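J.: Sequence isn't available, so here's the structure alone:
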């Protein structure tokens, strides 16, 4: 028997209903905030992610699904959405249309990670990108959107963590101080020893316990940010406080992508154990220019849908039910019932039937399993007498009605 690929999951049944409602809420909230959906391709040129995410990140070094296509071009299944959004804007020259651009995406991403609860190799993200604004009002826009969305989904027990990575100038001073703190330490993990040379800030994001222990007393980046970066953060904090959006400062948030500057943030929810981050993002003013495009300031975030779904239960969606279930036993019944059934469906009324040769008892069990509110029974006796039986499944009551009432059946309940 052929099974699914490890880290890739089928979504069906009750869980599929949860996903459907979640995605509808996401699209409705994003639309209310004025964000336009972009359906991005799953395959991109590998260079896009090497230049944007960073050659020394775990995503590029270890996790990307990269291969050469039949034209001998290196392509990658997208591991995240932001780089694709920037590519899309630059390719179509959308920055010339207006100052501010607001886009969202919703769909699967791919990373070759160790599969675990809420963390698969094919995973789904909903993300927003707000482009064209250097001010902290852009961060406030996407964070207030985040706050509204999580409220509507019903995730109450959560916390927003903020940090500021500074601009390239003040970040250089911090890197030097961090390296000085770490220069005589030989106990870092293998990856972090390499990061000391390639990307020292990534050490702050290491999940190894021994590295976290070393880093807890390291210099804090917020002590090194310049006046402009501090002013930016102070204004953002004022906006969040004014609008009752609670947050905490966490100087160890750096995010796993190299393109972030200034503001970075994560949202964590209780109930997920150590993998508690459900949403993360930040500002990336230089990414468009780094990819050969327009000088376009930007801020955005992405939310992991698998982890959000873990926080939801069956009560998140309404119970599924049928309005009508039709039972008949021969071609005479079929010729009467099927046109009625199709007419109801065209009206948006949920209806089904059982074409099998089973008994009345087995068909009623089927109707009960499908949670049908009413059952229409049309056997030989009913047809011969020009009637049908309408059974209320909840009350257990039934009555006989003339066949002509089938034409507007919904009016009989």
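T.: Looks like it arrived, so ask away. Since this is a predicted model, take the numbers as computed values, not measurements.
J.: how about the helices in the stretch 201-350 of the chain?
T.: With DSSP state H, counting those that start in this stretch as the criterion, the stretch 201-350 of the chain has helices at 209-215, 227-242, 287-290, 305-310, 331-346.
J.: Pull out the buried positions in the following helix or strand past the last one.
T.: Reading on from helix 331-346 to the C-terminus, the next helix or strand found by DSSP states H and E is strand 351-353. If you call a residue buried by 16 or more other Cβ atoms under 10 Å, then strand 351-353 has these buried ones: 351, 353. Just so you know, the C-beta spots here come from the backbone N, C-alpha and C atoms, and that holds for glycine as well.
J.: who's in contact with strand 351-353?
T.: 322-328, 337-338, 341, 344-345, 370, 372 (Cβ atoms under 8 Å, 6 or more residues apart in numbering).
J.: So among the residues you listed, which ones count as buried?
T.: With burial judged by 16+ other Cβ under 10 Å, the buried subset of the contacts of strand 351-353 is 322-328, 337, 341, 344, 372.
J.: of all those, which two lie farthest apart?
T.: Using Cβ to Cβ, the pair of those lying farthest apart is 323 and 328, separated by 17.3 Å.
J.: low pLDDT regions in the stretch 251-400 of the chain?
T.: 255-257 (pLDDT under 70).
J.: What ranges does it have for its strands?
T.: Under the criterion DSSP state E, counting those that start in this stretch, the stretch 251-400 of the chain contains strands at 261-269, 277-283, 298-304, 322-328, 351-353, 372-378, 387-392, 397-402.
J.: what's next to the last one, contact-wise?
T.: This means strand 397-402. Contacts to strand 397-402, defined as Cβ under 8 Å, 6+ apart, come from residues 382, 386-392, 412.
J.: Parallel or antiparallel, list what pairs with it.
T.: Using DSSP bridges, strand 397-402 pairs in its sheet with strand 387-392 (antiparallel).
J.: what does the fifth one give?
T.: Looking at strand 351-353 with DSSP bridges, its paired strands and their directions are strand 322-328 (parallel).
J.: which of the residues in stretch 258-278 are buried?
T.: Going by neighbour count (16+ other Cβ under 10 Å), the buried part of stretch 258-278 is 258-269, 272, 276-278.
J.: Likewise for stretch 173-193?
T.: Within stretch 173-193, the residues that count as buried by 16+ other Cβ under 10 Å are 173-174, 177-178, 182, 188-189, 191-192.
J.: Switch these over to TSV; also include pLDDT, distance to residue 148 and secondary structure.
T.: Listed next are the buried residues of stretch 173-193 as TSV, based on pLDDT from 0 to 100; distance: Cβ to Cβ, whole Å; DSSP: H, G, I helix; E, B strand; the rest coil:
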residue	pLDDT	distance to residue 148	secondary structure
173	84	37	helix
174	85	34	helix
177	87	38	helix
178	85	36	helix
182	83	41	helix
188	84	41	coil
189	86	39	coil
191	79	38	helix
192	82	38	helix
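J.: Show the contacting residues for residue 314.
T.: Residue 314 makes contacts with 14, 18, as judged by Cβ under 8 Å, 6+ apart.
J.: Please repeat the previous calculation with a cut-off of 7 Å.
T.: Shown in contact with residue 314 (Cβ atoms under 7 Å, 6 or more residues apart in numbering): residue 14.
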